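In: Got a predicted structure plus its sequence, pasted below:
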Amino acid sequence: MSKKAEQSESFIVEGKLALPYAYFAGRVGSTFITTIRDQKKIMGVRCPACGTVYVPPRQVCDKDFTDIRNNWVTLGNSGTVVNFTVVRYDDRHLPRTAPFVLALIKLDGADTPFMHILEEVAPENVKIGMRVEATFAAKTTNTILDIDHFKPAPEKVRMTTERPEAGRKAWTPGDEPEMQEKRRGGKPDMSTPVIITAALTGAATMKNQNPAVPYTPAEFAEEANKCWKAGAAMVHVHARADNGMATHEHDRIRATHDAIKEKCPGLIVNLSSAVGMGKTAEQRISQIVAVRPEMASLNTNTMNFSIIDRKTGKIFIDYVFENTFTMLQDFGKAMEENGVKPEIECYDMGGLDNIMLVAKQGFFTYPMNFNFVWGVAGGQAFRAESFIAMMNALPPKANFTTCGVGTEEFPCIMQSCLLGGHMRVGLEDNIRMPNGEFAKGSWELVEVAVRIAECLGRSVATPDEARMIMGLKKK
Amino acid sequence: MGKRVAICAVAQVKNVPAYRQMRFQNMLLECFESIMEQTKVTFDLDKGIRNIVTCSDDVFDARTISNNGVTDVVGAHFRGEEKMAQESINGLGYAMASILSGHDDVILFMGHCKESQTESRRMCTNLAFDPFYCRPLGMDFQNVDALQARAYMEKSKVTDEHLATIVVRSRKNASRDPFARENRLVDEKEVMNSPMLADPIRQLHYYPVTDWAYGMLLCCEERVKEFTANPVWITGYGSCMDSYFIGDKDLASNFSLKNAAQRTFARAGIRDPRKDIQLFELCDHAAYQLPLWAEGIGIADESKGGAWIDEGGPDSYNVNLSGGQLNGNPLLLGGAARAIECFLQLRGEAGKRQVKGAKRALAHGTYGAAGQHQAVVIMEI
Amino acid sequence: MAEYWGINVEDIFNSMKDRFRPEGATDVTASFGYDIREEGKWKVSVFHGTLAAVEKIDNLSGCVATMVTDGETFVGVNTGTVDATNAFMGGKVKVEGDMGAFGRTGRMFRKYVPPRKEMSTRDYLVDMFGTVESRFKKDAARDLDFIITIEVSGDAGGVWSVIIKNQSCTVVNDRVDNPTVTLEVADKDWVDLTLGKTDAQTLLAAGRGSVRGDIAIAMKWGEIFEKYVDPMGGGEPEQELLVLKKTISVGQKFSTGPIMGKFLNGLKAKKILANKCPKCGRMQLPAREICADCRVRVTDFVEVGPKGQVRYMEYVYYASPDPLTGETRETPYGMVNILLDGCTGNDTFAHLIRRDQIDLIKNGRDDTPGTRVRPVWNEKRVGSIFDIQHFEIDE
Amino acid sequence: MAHRKKNRNVGIIGIGQTKHSSHREDVNQPEMIHEAVSAALTDANLTMKDIDCIVHGNMELFEMVHQPDLWHTLGTGAYGKECIRITTGGTVGMTIACASDNLVASGLYDIVMAVGFEKLQEGHTTGGITNMADPLWFRNLQTGALTGSKAYELISEFGEERAKRASMMYRIIMDKHAGLNQYAHRSFGLEFEQLDDLIKSSPKLVGDLKLIEMCSQSDGACAVIFACEKKTKELSRHPVWIRDHITVHKEEVFQIFGYHKDYPVLQSHRFAADQLYKRNNIDKPLEYFDVFEMYDPASWWAVDWLRDFFQLRGDEHIMLVEEKEIMIDGKMPINPSGGVIGSNPIGATALIRVAEAALQIRGDAGKHQIPKPVKHALASGFGGTMWTVLMMLEKELNWQEADNGGILGNQR
């Protein structure tokens, strides 16, 4: 300033910047917060294009600009601290007096961590990687503070973030006839890794039965990815339309197949040649030829395939699942000619016999891969001795896996694992965990299968090992 | 970029903790008169200044349309005026673009910020967060920076000792600049004993509250001789925005700075910043940012920030000889402060901190939580 | 009396007692008139915060304000069918008398909610099947030829058959021969299903209902019929949308700087100091660092006034908040632009006029002087614009 | 052109706006912005990948979000892009259009998207505007942007009846225009028969400025995509070219209340128009332009400003209104969109003027498309203390030739 005298005229006037505001959370934000407030449940949104599960939620994915507003995913109320700071200053905008901890917390099931307050732990004891869980506020503010804070949580019993194969030596195929001998002698081959297949959906399980049932290609990819991480080597897939209906549309099936392959390139995709009720033979096989997955199901007999009240016997839906010998022959040939390995679905011993008759034509490549299916209304129920009978009826060099509807799932896969066979689980067959709670996804059922394998001392097959075992050409 | 834009003159008031005797109009007026004096530029409609780019902020000024208060003292009465409501370095980029577009030959670029006016600059930056998910948690630039500091220090093996070195050096360098905020010189021990603000950021790791204003005159290449014999050229500008939510970002990745730098280098024809640029001014409003941004612009190896400090990287690459933002510039104006230092160095007017033979310099500015928005300018003689 | 959306004007008035909110009427003692064209006049009287009377009356004298409108608009505004602001701005609603007082009625009554006429399950079934033909999507039924029979059990039940043939749809309330598919479902379940409250998979999985015949055809229902619209407007409840109300307040230390400081210190000393441009001579009130016209620093001060003439007064009816205090200003008030003695041209000075003198102020121009005014100084002065309380007429 | 020749031409290739309304509780700020952004991308048949730079603008204190471009990245699509935020008060929408023009013309970017928005229902508009005044002085006195001074001036000059009728006539015309625009916030269905009634019945705000004559407070957003000449020609079937723009600010305070004929006040609108037309060789703006999208914050101002913007004399501007020549099928259609009186999300408002002017040139304005061909359009922004920004838009990229003809004509 030029003149000192002038400066003396200057003084300070205390004032305020004070204006009223009314912020709108919008539909997405309101859903997120009212769900926390009313249901004590934290949700994220999943981008169907890139698969990212975002917290806090948003209407569009800012990475690829996809509209994601309706793809809500319920997340765990606990998670892991990925970063934190201890705020050691006081200021009017802060929700707590210093010192308090602000942490970036990655909730179970979310891909992006979000910020919150961490309490009930001394700041010096906060560690990156520690497990924390939400404590909900008693009084609502209709903001993120409806979660009052996070606090330390007990370690999760088992957290499958990667395939349980670390440190394990890769398996190499031994002498196949010897394997047969062992089994014949009643000594199952426990050295072969067990192939776990996740059947992500059937033609019938719907989201209202279990919200984890995937419909869109991106959902399939995400679910498949989780199963792969949990230990599955293969996924069995019935593609769906957006509304959840089974579809025979080639484009949709291809999109679903490709989405899975893009997300988890190594995973084996096994498509269905049943597709859903009321489809023609042409609709059922043309999609397999068009998409050419590594593997596809091949159903072995014409049978009842109905929905019947298990308690009362009342018939809800009566339906005949048609699989004539001609279809067996045509489907089988079409698959083999197109490099698609059939997975032969046997609902009873008759089905197994049927395929062995057709197999005499000689178009099947070896080893043949069978799946014993239990508990379909129209097929046989699970019985341990039936299982052994089926196994003993298999042709040489055959592999077998198994699946069961509803509660039959767990005993049958355990027996299969015990007998040196493989295991299929997933929401197609069963939507609940052994304790009756809903499974969070097929991946959680895969985790059960992994535990069974661990208990029996069998290693879990990687996709490439599964290819060697089942005789798939590596793609 | 084909054509070049010249900075003909710069002016500034001294960085101080609080100008209690001046309101921002007084601060700007000093700079305005200095620019007029240095360049003899006029407001003639055919030949003079027809557009002014200013930089200020409504929240820091506690004033809606904060540029309304500066209209008179930047000469904008019956001329154009546009306010860069972002980091000041973008104002420099925009002023450059306005001249390259042909729309204007001469642009006056001025900015101010009185951080001392507000009750708490943390409360101001808290308002940069959305009202439902982040603001209620008390997130502000300082506590969010702390998360970035933790992530980065872990990644690049930067220690509390390294940060102390950076602070000591910053204050020493700044003591050679007559316009720098006058801070006490400290030693490493004192830095490491200074209280934590938000772990791992300590009090002395963070830039202090500062008031400042500046002015610059820019003009097109054809007319530069009318205003100065020693122009400094701006030959590149680039910026980049990262995502908003803290959890969406890879905090230590330098995503936006790398993009901004690469865009700028491409425009300025720079292949290797280590060889092609002799002086760097980085906006390190916290100590950990010096090596982080150095990695981002490519003068420190990725994930090697700690080793870079050990090897004397800041001095060998002439980084922040002004003391950097860490010594004290308003948060909003760090980029302009960096560019002014580059200007003075390139013109050989940097006094005791003068580097010899610098032909090309880089000025950097950043804004937002954990460096969400980044921008870079290249200046040459 | 005419009905609008099933409601007549009297319904609104008759329900006022139930809808009255005492907390919205604190300190109110007044009568409000309603002149509803071709419907009649009503007078609503509030006495010390209680609703004293709602009467249909010919004489509306004594009302502080009267709303004049037509029956449709009145019912519409009260039920939310018509946007009140639009009706008011568009001239469909007028208020005679004290507009501000009338505004308080908005807070005195809860919104009118028409009594709900419940629909029974039977009503729904009849309506649902009754609208099937109109909801048929011809284009979606190309090449389709089938009959769906729906056997609805329960008290409200019955049998309906929907016949699709040649892209046309016929519904009969009976069995027909050879249905392609037969659905069996309970009455309430069919209603829930049609309203979208449940879905077929859930019902079938829970054993509540069965399908005989071609199930694929049954699954086409959703594709060939438009969604049923609930006449009760129910179905999905409107989502709660959150609004977060906050007054953001950040303390500030505004420095006056030397120029404004000198001006404000002048007020403290009961002096009005203009600063004068050394180049063009214009006076600046309040003082500014620079003359914007000449772009030169202005440091000279000249004492002007304190009396002067009004050149223009803003007659302010609109109550706005003061951003420095957050408080709402009392209206009406007058902001005067005064040409203080010693100033010329446009060098006016803005301040407030004494509230009771607003209507006496005349603006000056050219050779016609405006009302002469003088400042009223505060006893205690701190160096603020309000060291002058206001100006008043200088008689 | 300005100081020098424009480095390269710039065209508008995409336009998007939200429906403007008083209540957008269903979306937060970035979500509302996103609606306009995706509409503009769809209009231009582009994806976010094609955009090089985002120019963001609004007024921070209206919603009290500091540097809102940071949060709004969620809706603007700025992630990974270059992004600047440049503001100028009420004119901001026009400023981001000018800035986009400059940025593209500079050669730095080929495609730039300007995004303007406001959610006025989230703040207090008049309180927010009042807050622009000096905290030591005028903030204690100002009432936002509400003033009766223009009504006072028009009444003084043209008599009470004529002035009031002209203002209300303008208001009704805007209401009729807004009724044709699906995006407009307010249209009351006013009729000319109501004119006298409305003059009497509409409540007063300040002086003779009535509630109905003032602009609405709206929530809304607008996005406009600008591209260089090459890209514009490649990408757009109906490009709209930016010819020139000018920004004129005025000093901090309103020095306009002396009302002495010896001390006339220079009007920024007149000054801006004079400068712009002079450097573009436009002699008769009223004949040259086919449409004018004007930032009309209140009908009194609008009527008065017609005189400034078209360099009219005497009561020519009043007559334009009285004879309804400003209607959509009139001689000089003003605001076929319904203007700012119809919709006013402030930070987007001036950009909407550019967008609507461009839609008219493209012939894509739908029901409010002017019946005659539109080749030359003018758009204005208003803000601050009588700040103005003008932008000229053209259908054909041929003005150099046309102007040379004009100059030659003058020489003869």
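Out: Great, that's in hand.

In: CA atoms for contacts and neighbours, from now on please.
Out: OK.

In: does stretch D:165-185 come close to chain C?
Out: No - legend: contact between stretch D:165-185 and chain C by C-alpha under 8 Å from any C-alpha of the partner chain is lacking; minimum distance shown is 9.5 Å.

In: in that stretch, what counts as buried?
Out: The neighbour-count check on stretch D:165-185 (16 or more other C-alpha atoms under 10 Å in any protein chain shown) flags D:165-181, D:183-185 as buried.

In: so of these, which ones are in helices?
Out: Under the assignment DSSP state H, the buried residues of stretch D:165-185 contribute D:165-180 to helices.

In: Residue A:83: which of those residues is nearest?
Out: Of all those, residue A:83 sits closest to residue D:178, with 52.4 Å by C-alpha to C-alpha.

In: what sits up against whichever helix or strand residue A:219 is part of?
Out: Assigned by DSSP states H and E, residue A:219 falls within helix A:217-230. Residues from elsewhere that reach helix A:217-230 (C-alpha atoms under 8 Å, 6 or more residues apart in numbering or on different chains): A:48-51, A:160-164, A:198, A:200, A:212, A:214, A:234-235, A:252, A:255-257, A:259-264, A:267, A:441-444, A:446-447, A:450.

In: And those, which of them are buried?
Out: The buried subset of those - by 16+ other C-alpha under 10 Å - is A:48-49, A:51, A:160, A:163-164, A:198, A:200, A:212, A:214, A:234-235, A:252, A:255-257, A:259-261, A:263-264, A:267, A:441-444, A:446-447, A:450.

In: Contacts only, for the residue in chain D positioned nearest to chain B.
Out: Residue nearest to chain B within chain D (C-alpha to the nearest C-alpha): residue D:106, separated by 3.7 Å. By C-alpha under 8 Å, 6+ apart, residue D:106 lies in contact with B:97, B:98, B:99, B:100, B:101, B:102, D:7, D:8.

In: And for it, nearest residue in space, chain neighbours not counted?
Out: Excluding its sequence neighbours, the residue lying closest to residue D:106 (C-alpha to C-alpha, 6 or more residues apart in numbering or on different chains) is residue B:101, at 3.7 Å.

In: Now stretch B:321-330 - C-alpha only, PDB.
Out: Output of stretch B:321-330 as PDB, limited to C-alpha atoms (Å, rounded to 0.1, in the frame of the first residue of the first chain):
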ATOM      1  CA  LEU B 321      13.000 -24.000  -5.800                       C
ATOM      2  CA  SER B 322      10.400 -21.600  -4.700                       C
ATOM      3  CA  GLY B 323       9.600 -23.700  -1.700                       C
ATOM      4  CA  GLY B 324       6.500 -25.000  -3.400                       C
ATOM      5  CA  GLN B 325       3.000 -24.800  -2.200                       C
ATOM      6  CA  LEU B 326       4.000 -26.400   1.000                       C
ATOM      7  CA  ASN B 327       5.600 -23.200   2.100                       C
ATOM      8  CA  GLY B 328       2.200 -21.400   1.700                       C
ATOM      9  CA  ASN B 329       0.100 -20.300  -1.200                       C
ATOM     10  CA  PRO B 330      -3.700 -20.300  -1.200                       C
END
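
In: which residues of the stretch 251-395 of chain C fall in helices?
Out: Here the stretch 251-395 of chain C has its helices, by DSSP state H, counting those that start in this stretch, at C:257-268.

In: quick one, strands of it?
Out: C:272-276, C:283-284, C:290-291, C:296-297, C:300-304, C:308-316, C:333-340, C:349-352, C:372-377, C:388-393 (DSSP state E, counting those that start in this stretch).

In: Could you do the stretch 201-350 of chain B as well?
Out: Taking DSSP E, counting those that start in this stretch as the criterion, the stretch 201-350 of chain B carries its strands at B:201-202, B:211-220, B:232-241, B:279-281.

In: Tabulate these (a markdown table), appending mean pLDDT, mean neighbour count and distance to residue A:16.
Out: Formatted as a markdown table, these follow (pLDDT from 0 to 100; neighbours: other C-alpha atoms under 10 Å in any protein chain shown; distance: least, C-alpha to C-alpha, whole Å):
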| stretch | mean pLDDT | mean neighbour count | distance to residue A:16 |
| --- | --- | --- | --- |
| strand B:201-202 | 97 | 24 | 30 |
| strand B:211-220 | 97 | 27 | 19 |
| strand B:232-241 | 97 | 27 | 32 |
| strand B:279-281 | 98 | 28 | 36 |
